[in-house]
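1. test case, fold it:
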Amino acid sequence: MTPKIRLQNISKRFAVGSNVVPAVENVNLSLNSGDFVTLVGPSGCGKSTLFNILVGLLAPDSGGELHIDGKLVAADHLLGRVAFMPQRDMLMPWRTVLDNAILAAEIDGVPRAAARKRALDSLDRFGLRGFENHHPAQLSGGMRQRVALMRTFMFDRDVMLLDEPFGALDALTRAMMQRWLLEVWEGAKRTVLFITHDIDEAIFLGDRVLVMSARPGHIKMELPVPLPRPRAPDIITSAPFVELKRTLLAAVEDESRKAFAAMNREILPDPADA
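-> Model prediction:
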């Protein structure tokens, strides 16, 4: 099977003053069509940098390759190839739910009337029927995230990148949104790469969990999630789930310790330099 997306030796360094800071280094990963893959790792490991490269907002350093459907894609041709939802919902406060949902489609060149009709037909699937004329200030956090996800789905791309879309929600709303997202995904079968800091969320949602190392980030571990779909809420208390969680916690905590130690080295002066 040809992967939908394949990254090979992707690296990115940033100039910070007189220093060069490596954010990600030699990242290799692949996503098959219809995969739901989750990505975890310590803070500052380069997860969002990797997403910005995939979206086309950042160019990787020379030497790496990115393939879509088996074809090599240049960095300056990535913009618009995948759908992307950042951590914040980024809803326009002056636009209604309906008009926020169609924004990406409009930018993509879909006629406004056609986009609105498609959005109206999709309101039930996204749990927004009856809210189409509301403005963002009138919505709860969970409802705002539904609008943002609807906007992302309406940007009609096979691949979706979701950067901690539920990170700001309370635990109960987050759990409900996870189950709802899986229902929508199982109906649409988009290929999803999902960043999260929550180990339970990573396992509950994913077919596979990728663990990134401390900076410079690379894929330290790829853990298959052999849990049946659809996922029942009580699966998080099952023995297979708990065993997967134990493995992932050990890997992430190890990298978090490395990241914390590296941060201290950067902040505290070396006594030898005094």
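2. use CA for all of it now, contacts and neighbours both
-> Noted.
3. the stretch 101-250 of the chain: helices as residue ranges?
-> Assigned by DSSP state H, counting those that start in this stretch, the helices in the stretch 101-250 of the chain fall at 103-107, 112-122, 141-154, 171-188, 199-205, 239-267.
4. wait, which of these is closest to residue 82?
-> helix 141-154 (9.6 Å; CA to CA).
5. could I get the buried residue list for that closest one?
-> 141-154 (16 or more other CA atoms under 10 Å).
6. and that helix, how far out from the chain middle?
-> Computed by CA atoms, centre = their mean, to the nearest Å, the separation of helix 141-154 from the middle of its chain amounts to 14 Å.
7. and for stretch 227-240?
-> For stretch 227-240, the distance to the chain centre is 22 Å (CA atoms, centre = their mean).
8. ok, which of the helices of the stretch 101-250 of the chain comes nearest residue 132?
-> helix 112-122 (8.0 Å).
9. pLDDT of that closest one, averaged?
-> Mean pLDDT, computed over helix 112-122, is 93.
10. pLDDT wise, what is the residue lying closest to residue 241 once chain neighbours are set aside at?
-> Nearest-residue entry for residue 241: residue 235, 6.8 Å, with adjacent residues in sequence omitted and distances by CA to CA, 6 or more residues apart in numbering. Here the pLDDT value assigned to residue 235 is 95.
11. with residue 159 instead?
-> On the pLDDT scale, residue 159 gets 91.
12. what are the bridge partners for it, then?
-> Residue 159 has the following beta-bridge partners by DSSP bridges: residue 191.
13. now do the contacts for it.
-> Residue 159 makes contacts with 82, 83, 190, 191, 192, 193, as judged by CA atoms under 8 Å, 6 or more residues apart in numbering.
14. walk me through the domains of this protein.
-> What automatic domain parsing lists as the domains of the chain is 5-82+157-269, 90-156.
15. any idea which of those domains scores lowest on pLDDT?
-> Among the domains of the chain, domain 5-82+157-269 scores lowest, with a mean of 89.
16. any idea how far that domain is from the chain center?
-> The answer for domain 5-82+157-269 is 6 Å, by CA atoms, centre = their mean.
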